[in-house]
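> I need the structure of the sequence given here:
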Amino acid sequence: MSKHAILSASGSGKWLVCTPSAKLEQQFLDEDSPFSAEGTLAHEVFEHLLNQYLGRPTVAPTQVIAVDMMDYVRAAVDYAVALIEQARERCADPVIYVERRLDFSHWVQEGFGTGDLVIITDDLVEVGDLKYGKGIGVSATGNSQMRLYGLGAYNELNHLYDIRRIRTHILQPRLDNWGYEELTVEELLTWAEQVVVPQARLAWEGQGEMVSGDHCHSYFCRARFTCPKRNQAAQELVDTSFAFEPPDMLTDKQMAQVLAKADQVIRWLTDVKEYSFKRLESGNTIPGFKLVEGRSNRKYADQDAVAEALIEKGYDAALIYERSLLGITAMEKLLGKKAFAEILGNLIEKPAGKPTLVPESDKRPAYDSLSYFTDETPQEGL
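Numbers count the residues shown, from 1 in each chain. Sure, this is the predicted structure:
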């Protein structure tokens with residue numbers, strides 16, 4: 001049912017951890033969404049602009065490109081161009097590929113992918129990957145997808161070049177996220193042999209232990225809706241002796257037990273509800289449940305016609321229209337990034353973010369509430 005490689009590089013963060021998931025996913029259709037279509041278009045624009053910069057034949061996408069998408073993709077292209085220019089400074093004749101197929105099937109059964117940008121200079125190969133999504137920040141460090149692309153680049157090109165280092169780049173413009181990881185060929189091959197090969201073999205055969213975790217959601221595992229391990233994690237929480245106790249009745253240790261599984265359980269419950277909705281919408285039945293028409297609000301059938309009717313009756317346009325300043329994102333679209341920064345840069349402020357509850361393993365420093373208090377504004381009880 002899937003139109004992608006069973007052991008894809010993009011899904012490696014999932015099947016390297018939960019090896020049976022790769023085969024289980026084949027029972028489910030791909031989850032098409034506006035976000036995936038948006039990402040595909042962004043990659044087409046990226047490829048076109050890069051080829052245009054390199055003076056190569058190219059065909060522009062026929063779809064209408066939103067202003068914000070063009071701005072973000074151009075930022076990624078600027079980063080890619082900077083990499084190319086740096087390559088030209090250290091090498092007289094760098095080899096540059098755009099949308100290069102990378103085969104890593106020597107380590108992963110039928111494994112292949114596409115490098116958005118591949119640059120070869122002397123002993124160094126660089127692979128760049130555009131990430132257009134903004135929901136989840138992608139790190140280049142320890143990134144299995146990018147390492148597999150690096151393996152593919154090495155596999156495809158090592159007989160032509162004396163490759164000794166692999167550098168992989170993440171280009172995530174909507175989060176202003178630009179990072180890279182550099183490994184020696186020896187380090188990359190050791191990782192491949194010790195980590196990838198055994199896990200890929202299990203995944204290909206549908207063997208190994210199922211594992212529930214953040215990868216279920218962040219990699220959109222298609223089997224996550226019916227995954228017994230996710231169900232088990234929720235059941236273990238419900239089965240505790242303190243389940244459903246009021247929060248203020250829990251000890252710190254009990255609270256820690258709940259928090260350790262809370263996100264997984266919440267996501268599992270959300271996925272079950274969404275999956276159930278899709279099944280009912282498709283004509284299936286679920287005992288005790290049905291779809292009904294939800295609440296809706298009144299809306300104008302034609303706003304222009306409404307305004308025209310009111311003005312004809314003598315109502316002033318200033319009375320029937322609201323006026324407000326464009327939001328920051330909309331204003332930046334209107335002015336363009338450069339003009340926005342020049343005109344409004346010193347008028348924009350970014351207040352400190354609200355504290356967010358995360359596991360201790362999170363790399364961000366702990367929030368210090370005391371740092372927000374001053375001597376002039378003493379807080380009660382301090």
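
> Okay, buried residues for stretch 246-266 please.
Residues of stretch 246-266 classed as buried: Gln254, Gln257, Val258, Lys261, Gln264, Val265 (neighbour count, 16 or more other C-beta atoms under 10 Å). Every C-beta, even on glycine, is put in place using the N, C-alpha and C of the backbone.

> scratch that, stretch 180-197 is what I was asking about
Tyr180, Glu181, Leu183, Val185, Leu188, Leu189, Trp191, Ala192, Val196.

> now for it, what's the gap between its first and last residues?
Start-to-end span of stretch 180-197 (C-alpha to C-alpha, to the nearest Å) is 24 Å.

> Likewise for stretch 135-146?
19 Å.

> Could you report the separation of Pro61 from Asp68?
Relative to Asp68, Pro61 is positioned 16 Å away (C-beta to C-beta, to the nearest Å).

> Tyr315 now?
According to C-beta to C-beta, Tyr315 stands 35 Å off from Asp68.

> What about Glu186? Give its phi and psi, please.
phi -60, psi -40 (degrees, to the nearest 10).

> go on, Lys354?
The phi/psi pair for Lys354 (degrees, to the nearest 10) is phi -70, psi 150.

> can you check the one 5 residues further on too?
Pro359 adopts backbone torsions of phi -60, psi 160, taken as degrees, to the nearest 10.

> just to confirm, which helix or strand has the closest residue to Leu54 other than its chain neighbours in it?
Nearest residue to Leu54 in three dimensions, chain neighbours excluded: Ile96, at 6.5 Å (C-beta to C-beta, 6 or more residues apart in numbering). Taking DSSP states H and E as the criterion, Ile96 maps to strand 95-103.

> Same question for Gly179.
Assigned by DSSP H and E, Gly179 falls within strand 177-184.

> Likewise for Ile170?
strand 165-172.

> which residues touch that strand?
Identification of contacts with strand 165-172 by C-beta atoms under 8 Å, 6 or more residues apart in numbering yields 76, 79-80, 83, 116-117, 123-134, 137-140, 143, 146-147, 149-150, 153-154, 177-185, 188.

> so that strand versus strand 177-184, what angle?
170 degrees (axes from the mean of the first three to the mean of the last three C-alpha atoms, to 10 degrees).

> avg pLDDT for strand 165-172?
For strand 165-172, the mean pLDDT works out to 97.

> Scan this structure for its longest helix.
Longest helix of the chain, by residue count under DSSP state H: helix 252-281.

> and the closest residue to Gly206 other than its chain neighbours, helix, strand or coil?
Spatial nearest neighbour of Gly206, chain neighbours left out: Lys23 (3.4 Å); criterion: C-beta to C-beta, 6+ apart. Of the three states, Lys23 takes helix according to DSSP: H, G, I helix; E, B strand; the rest coil.

> and if you look at Val118?
Reduced to three states by three-state DSSP, Val118 is strand.

> which residues does Phe242 contact?
The neighbours of Phe242, taking C-beta under 8 Å, 6+ apart as the test, are Met249, Leu250, Gln254.

> if we go to 6 Å?
When the contact criterion is C-beta atoms under 6 Å, 6 or more residues apart in numbering, the partners of Phe242 are Gln254.

> In three-state terms, label it for me.
coil.

> And the closest residue to Asp103 other than its chain neighbours, what's its pLDDT?
Closest residue to Asp103 apart from its sequence neighbours, by C-beta to C-beta, 6+ apart: Phe112 at 4.8 Å. Reported pLDDT at Phe112 in the predicted model: 92.

> before we move on, what about Arg56?
pLDDT, Arg56: 96.

> That one and Leu335: what is the separation?
32 Å.

> Who has more neighbours out of the two?
Shown here are Arg56 and Leu335; by other C-beta atoms under 10 Å, Leu335 has more neighbours (15 against 10).

> Pretty sure Val125 sits in a strand.
Yes. Membership of Val125 in a strand is supported by three-state DSSP.

> so it touches Gly152, yeah?
No. Counting by C-beta atoms under 6 Å, Val125 does not reach Gly152; the two are 10.1 Å apart.

> Low-confidence stretches in this structure?
1-4, 31-33, 219, 369-382 (pLDDT under 70).

> Please enumerate the helices of it.
12-15, 21-24, 34-53, 67-90, 144-157, 185-191, 197-205, 214-218, 228-238, 252-281, 303-312, 317-320, 328-335, 337-344.

> For Arg101, find the nearest of these.
Arg101 lies closest to helix 144-157 among the helices of the chain, at 7.9 Å (C-beta to C-beta).

> Show me what that closest one is in contact with.
By C-beta under 6 Å, 6+ apart, helix 144-157 touches 9-10, 12-13, 16, 102-104, 106, 113, 115, 118, 125, 127, 163, 166, 168, 188, 192.

> can we see that at 7 Å?
9-10, 12-13, 16, 102-104, 106-108, 111-113, 115, 118, 120, 125, 127, 129, 140, 163, 166, 168, 170, 181, 185, 188, 191-192 (C-beta atoms under 7 Å, 6 or more residues apart in numbering).

> hey, what's the nearest residue in space to Arg279 that is not next to it in sequence bridged with?
Spatial nearest neighbour of Arg279, chain neighbours left out: Ile286 (6.6 Å); criterion: C-beta to C-beta, 6+ apart. For Ile286, the beta-bridge partners are Phe289 (DSSP bridges).
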